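Provide a 3D model corresponding to the input given below.
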Amino acid sequence: MTLTSILIVNYNGHELVLRCLESVYQDAEGSDVEVIVVDNASADGSAEAIAMRFPQARLVRNDRNVGFARAVNQAMSLATGDLLILLNNDAYFLPGGLRRLIVFMAAHAEVDVVGPKALNSDGTVQPSCFRFPTFRDILCESLWLNRLFPKSDFFNRSEMGNFRHDILREVDWVLGACMAVRRSAVTAAGGLDEHYFMYSEELDWCRAMRRAGQRIYYWPEPTIVHYGQQQNWRSQRIQGEVLARGFQSRYYYFEKHYGRGYATWVRLASIGGMALRLVATWPAAWLGRQPEAQVRADKYLAVLRASLRPGSDLSER
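Now for the predicted structure:
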């Protein structure tokens, strides 16, 4: 079996990244695996804990937070495996998950990229395969139609609302929390676009790989648990900043692939959606003084401020 490189980017994910690495090494025993962790100048002792607990991992310490895409490209430039597995620091393999993923790729030469079924921490299925988004999808999201009709292939098209997540199938793109990519696919499409500081980089990358003729699949085997937005350790301020960056990445994606005019319509629809959410949250947040509502309102305000700023340069400022 060929060498597999596990690539992990960490930023202030202390307990999470240690659990992530523990799951990798518990499952990697007897497999030909190398682990590369790029730490984006964490300030919570993550890098020191990784070096102490997992000295067998190759640890790269950046002197600043260079963003997710650039850090992944760093890791890929150091990796020697023919199979690359991107794994978020807030995800961990279920027992046997890593090994099954490696075996799957060895047995399916027609698959260039695969994303496995992901679970939330409560065991429910987390959407991990998608269609490339369009303005219609953004509009449905802004008007809550994708949540009102989650099983609709029209109103929830981009999240494949009518898909049961129990069959192997070819898809447009897969969640970057865990994706296995052949070295040949990276050679064909290039690395991640480093304009993305965080979010949408795997969407953009999968689009590049599809254009290069690579085949991307969703695999129904549950392989990881991914905390994602369920993380409750982030501060209120950071939640707003993260969500705002996600929307800025969205605008850059649409401008890059569809042009500035199309991206402007996406931006306007998103602004309208955030404004509606802010209005709906206002009574509970400011009149009722409900803490959860106040957190949501502050996040919506952060997105509105970011969306009203011109341009879509996502580099760290």
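
is it true that residue 51 touches residue 59?
Yes - taking contacts as C-beta atoms under 8 Å, residue 51 lies within contact range of residue 59: 5.6 Å. Just so you know, the C-beta spots here come from the backbone N, C-alpha and C atoms, and that holds for glycine as well.

between the two, who's got more neighbours?
Between residue 51 and residue 59, counted using other C-beta atoms under 10 Å, residue 59 has the larger neighbour count: 18 against 14.

So what does that one look like in phi/psi?
Main-chain torsions, residue 59, degrees, to the nearest 10: phi -110, psi 120.

Any idea what it is bridged to?
residue 37 (DSSP bridges).

residue contacts, it?
37, 39, 47, 50-51 (C-beta atoms under 8 Å, 6 or more residues apart in numbering).

Try it again at 10 Å.
8, 10, 35-39, 46-48, 50-51 (C-beta atoms under 10 Å, 6 or more residues apart in numbering).

Could you give me the ChimeraX selection string for whichever of the residues you listed are buried?
Command for ChimeraX that selects the buried part of the contacts of residue 59, burial taken from 16 or more other C-beta atoms under 10 Å:
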select :8,10,35,36,37,38,39,46,47,50
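
Can you pull the domain assignment for this protein?
Per automatic domain parsing, the domain ranges recorded for the chain read 4-128+165-230, 133-161, 236-308.

could you dump those domains to JSON lines with mean pLDDT?
Shown next, in JSON lines, are these (pLDDT from 0 to 100):
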{"stretch": "domain 4-128+165-230", "mean pLDDT": "94"}
{"stretch": "domain 133-161", "mean pLDDT": "94"}
{"stretch": "domain 236-308", "mean pLDDT": "87"}
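
Highest mean neighbour count out of the ones you listed?
Most buried of the domains of the chain, by mean neighbour count (mean count of other C-beta atoms under 10 Å): domain 4-128+165-230, with a mean of 19.

CA atoms only: put stretch 172-192 into CSV for me.
C-alpha atoms of stretch 172-192 as CSV (Å, rounded to 0.1, in the frame of the first residue of the first chain):
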residue,chain,number,x,y,z
ASP,A,172,-19.5,18.4,-7.2
TRP,A,173,-17.6,19.0,-4.1
VAL,A,174,-17.0,17.6,-0.6
LEU,A,175,-16.4,19.0,2.9
GLY,A,176,-12.8,19.9,3.6
ALA,A,177,-13.1,18.6,7.2
CYS,A,178,-11.9,15.3,5.8
MET,A,179,-11.1,14.6,2.2
ALA,A,180,-8.8,12.1,0.6
VAL,A,181,-7.0,13.4,-2.5
ARG,A,182,-4.7,11.6,-4.9
ARG,A,183,-1.3,13.4,-5.6
SER,A,184,-2.2,13.2,-9.3
ALA,A,185,-5.3,15.3,-8.7
VAL,A,186,-3.2,18.0,-7.0
THR,A,187,-0.8,17.9,-9.9
ALA,A,188,-3.6,18.3,-12.4
ALA,A,189,-5.4,21.1,-10.6
GLY,A,190,-2.7,22.8,-8.5
GLY,A,191,-2.9,23.7,-4.8
LEU,A,192,-5.5,25.7,-2.9
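
The longest strand along the chain pairs with which strands, parallel or anti?
Using DSSP state E, we find that the single longest strand of the chain is strand 216-226. If you go by DSSP bridges, strand 216-226 pairs up with strand 91-93 (antiparallel), strand 113-119 (parallel), strand 169-170 (antiparallel).

Give me the residues contacting the first one.
Spelled out, that is strand 91-93. With contact meaning C-beta under 10 Å, 6+ apart, strand 91-93 is reached by 6, 8, 16-28, 85, 87, 98-101, 116, 118-119, 126, 175-178, 223-228.

Mind checking which of the residues you listed are in helices?
Among the contacts of strand 91-93, DSSP state H puts 16-28, 98-101 in helices.

How about the contacts made by residue 96?
Counted by C-beta under 10 Å, 6+ apart, residue 96 has contacts 26-27, 103, 221, 223.

Show me which pair in those residues is furthest apart.
Across the contacts of residue 96, the longest distance by C-beta to C-beta is 17.5 Å; it joins 26 and 221.

Nearest residue to residue 192 in space, please, no chain neighbours.
Setting aside the residues directly before and after it, residue 192 is nearest to residue 69 in space (C-beta to C-beta, 6 or more residues apart in numbering), at 3.9 Å.

what's the strand or helix carrying the one you found packed up against?
Element membership for residue 69 (DSSP states H and E) is helix 68-78. If you count contacts as 3 or more C-beta pairs under 10 Å, 6 or more residues apart in numbering; DSSP states H and E, helix 68-78 packs onto strand 4-10, strand 33-39, strand 58-61, strand 83-87, helix 183-189, helix 201-211.
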